[in-house]
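Have a look at this fold, sequence not included:
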């Protein structure tokens, strides 16, 4: 028995190196397999995220450093991936439900007495599937579905029974304090058009940086599109003391339309404006002319630091063609922000300032005295994009922004009813321009992408 056991042990001992060798080979094989798999995964995800970082194409908008303050002294807000703090290219409908973009729902025409009802309907706000652009498109109130079983035209005009209950309209989930409800009346109809407006209030804002927006303006009489920014807080006492940045605004009327003292004001002119205390906007206003801004996409931008500001559009070879120019390098009166009574320095001639200063009473005088030289543009601003329609403003015969050619004045002066009525009942003169623009996909404002660098 002992001999047999010894023989068995001897045989097992001779086989042991072979077993160990086989085991080692299996272990090594598994290690190789696992290593390859890990390498593939790491390589895949490394390529994926590397690609994302390089191309900055994401299915959702990203926004971080919201409220952050940019420092131009580092590298001048250069257009680098590392400086990019906001990017949106509207890659899919999910962009509008991501929480970044707020869609306005209101009949409030603001201080301009505009003629549109902003909705969140896909008829007015949508991502165009053919080119992936955000679209803000005007339409007619009467083209909306029935309201509580009553045709929308009858609600708008009050031509329904039992009146006034049948003509009461409440804006669903209204986003403003005013303009949330109304009653159609034959003598004072509801807003006769619908349109779209989006903003990033509460989701993204920034102080100082470079903003660029690639967009195409809408075509059609009396359309008033804008790409602009407003302060997230009121620290200087309300508008206009708190400031407003109109990167661009234009009109959808054909080239040759004249407004504001006989100045060209058709769709071949874009205005860029800073509004500040006293609203002496003409001191810091520029324009881009000679281009039909509805024909194609253009890149509009602004450079904003604690010392200077300028807005521009990109021309051939991406040349920055300035509109507002408060850039330091130009010298002279365009020497950046300065110690002006209104907190900036757009002119050395203070005669206009003196006139306004004499008409202002405390506490408005000196609201920027202890503030930085960039005040009121020393605080976070958020983005707003909209397509407004018309605007009564100062009333007839010269409704300010639109000038004496406004159809809601020219067809009735000196005996005019409500501007909304006059505008709507002149529909045969302007609505065909909307229809012809829609036929060639130019009725809507189209926004391709937005980028902010800090």
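Structure received. The structure displayed is predicted, hence computed values, not measured ones.

domain assignment for this structure?
Domain assignment for the chain by automatic domain parsing gives 15-55, 66-453.

averaging pLDDT over each of these, which comes out lowest?
Lowest mean pLDDT within these: domain 15-55, at a mean of 42.

in the stretch 251-400 of the chain, which spans are strands?
Applying DSSP state E, counting those that start in this stretch to the stretch 251-400 of the chain gives strands spanning 258-259, 263-264, 269-275, 285-289, 298-304, 309-314, 320-326, 381-389.

out of those strands, which comes closest to residue 424?
Judged by CB to CB, the one of the strands of the stretch 251-400 of the chain that comes nearest to residue 424 is strand 381-389, at 10.5 Å. For glycine as for every other residue, the C-beta is placed from the backbone atoms N, C-alpha and C.

three-state assignment of residue 248?
For residue 248, the secondary-structure state derived from DSSP: H, G, I helix; E, B strand; the rest coil is strand.

Leaving out the residues flanking it, which one is nearest to it?
Nearest non-adjacent residue to residue 248, counting by CB to CB, 6 or more residues apart in numbering: residue 270, 4.5 Å away.

again, but for residue 234
Leaving aside its sequence neighbours, residue 234 sits nearest to residue 242 (CB to CB, 6+ apart; 5.2 Å).

tally of neighbours for residue 316?
Using other CB atoms under 10 Å, residue 316 has 6 other residues around it.

show me where the stretch 101-250 of the chain has strands.
Remark: strands assigned in the stretch 101-250 of the chain by DSSP E, counting those that start in this stretch are 102-103, 116-118, 125-128, 133-136, 139-140, 168-170, 181-183, 193-195, 197-199, 209-216, 223-231, 244-250.

Return the most buried member of those.
Between those, strand 116-118 has the highest mean count of neighbours, a mean of 29, where neighbours are mean count of other CB atoms under 10 Å.

Could you check how far residue 303 is from residue 79?
In this view, residue 303 and residue 79 are 11 Å apart by CB to CB, to the nearest Å.

Need the residues touching each of the two.
Common neighbours of residue 303 and residue 79, counting by CB atoms under 8 Å, 6 or more residues apart in numbering, are residue 210.

Same drill for the two, tell me which one is more crowded.
residue 303 (22 against 13).

Tell me how far that one lies from residue 311.
When residue 303 is compared with residue 311 (using CB to CB), they lie 8 Å apart.

now do residue 394
26 Å.

which of the two has more neighbours?
A count of neighbours by other CB under 10 Å puts residue 311 above the other of residue 394 and residue 311, at 30 against 13.

Tell me what that one is bridged to.
For residue 311, the beta-bridge assignment (DSSP bridges) gives partners residue 302.

correct me, but it touches residue 286?
Yes. Applying CB atoms under 8 Å, one finds residue 311 in contact with residue 286, separated by 6.6 Å.

any common contacting residues for these two?
The contact lists of residue 311 and residue 286 share 272, 322, 323, 324, where a contact means CB under 8 Å, 6+ apart.

Can you say which two of the residues you listed are spatially most distant?
Across the shared contacts of residue 311 and residue 286 (CB to CB), the longest gap, 9.1 Å, separates 272 and 322.

Need the overlap of contacts for the two.
What both residue 272 and residue 322 touch, as defined by CB under 8 Å, 6+ apart, is the set 286, 311.

The two: which is more packed in?
A direct count of neighbours by other CB under 10 Å for residue 272 and residue 322 places residue 272 higher, at 26 against 18.

How about the contacts made by that one?
With contact set as CB under 8 Å, 6+ apart, residue 272 has these partners: 246, 247, 248, 285, 286, 287, 288, 302, 311, 323, 324.

Let's see that with 7 Å instead.
Applying CB atoms under 7 Å, 6 or more residues apart in numbering to residue 272 gives the contacts 246, 247, 248, 285, 286, 287, 311, 323, 324.

which among those residues gets closest to residue 418?
Of all those, residue 418 sits closest to residue 246, with 27.3 Å by CB to CB.

Tell me which residues touch that closest one, please.
Under the criterion of CB under 7 Å, 6+ apart, the neighbours of residue 246 are 226, 228, 271, 272, 273.

what pairs with the fourth one across the strands?
To tie it back to what came earlier, the one meant is residue 272. Applying DSSP bridges, one finds that residue 272 bridges with residue 286.

Take the contacts of residue 246 and write them to a markdown table, including distance to residue 119.
Output for those, formatted as a markdown table (distance: CB to CB, whole Å):
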| residue | distance to residue 119 |
| --- | --- |
| 226 | 18 |
| 228 | 20 |
| 271 | 26 |
| 272 | 28 |
| 273 | 27 |
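
now residue 87: how far from residue 135?
From residue 87 over to residue 135 (counting by CB to CB), the distance is 19 Å.

The closest residue to residue 265 other than its chain neighbours: what's it in contact with?
Excluding its sequence neighbours, the residue lying closest to residue 265 (CB to CB, 6+ apart) is residue 259, at 3.8 Å. Contacts were defined as CB under 7 Å, 6+ apart; by that measure residue 259 touches 265, 401, 402, 403, 405.

a strand runs through the second one, doesn't it?
No. Secondary structure of residue 401 (three-state DSSP): helix, not part of a strand.

pretty sure it is in contact with residue 390, am I right?
No. With contact defined as CB atoms under 7 Å, residue 401 and residue 390 do not form a contacting pair (9.5 Å).

Which one's more surrounded, those two?
The residue with more neighbours, out of residue 401 and residue 390, is residue 390; 30 against 19, by other CB under 10 Å.

can you tell me how far the nearest residue to residue 404 once chain neighbours are set aside sits from residue 136?
Leaving aside its sequence neighbours, residue 404 sits nearest to residue 398 (CB to CB, 6+ apart; 5.1 Å). Between residue 398 and residue 136 the distance is 28 Å, computed by CB to CB.

before we move on, what about residue 172?
Going from residue 172 to residue 136 by CB to CB gives 19 Å.

same question, residue 179
Relative to residue 136, and taking CB to CB, residue 179 is found at 18 Å.

Over to residue 202?
Distance of residue 202 to residue 136, given as CB to CB: 20 Å.

wait, isn't residue 134 in contact with residue 447?
Yes. Using CB under 7 Å, residue 134 is in contact with residue 447, at 4.3 Å.

The residue lying closest to residue 264 once chain neighbours are set aside - how many residues pack around it?
With sequence-adjacent residues excluded and distances taken as CB to CB, 6+ apart, residue 264 is closest to residue 258, at 6.4 Å. The tally of other residues near residue 258 (other CB under 10 Å) stands at 14.

same question, residue 99
The tally of other residues near residue 99 (other CB under 10 Å) stands at 11.

name the element it belongs to?
When elements are assigned from DSSP states H and E, residue 99 belongs to no helix and no strand.

Without its sequence neighbours, what residue ends up closest to it?
residue 203 (6.1 Å).

Next, count neighbours for that neighbour.
Neighbour count of residue 203, defined by other CB under 10 Å: 16.

Distance-wise, check it relative to residue 250.
26 Å.
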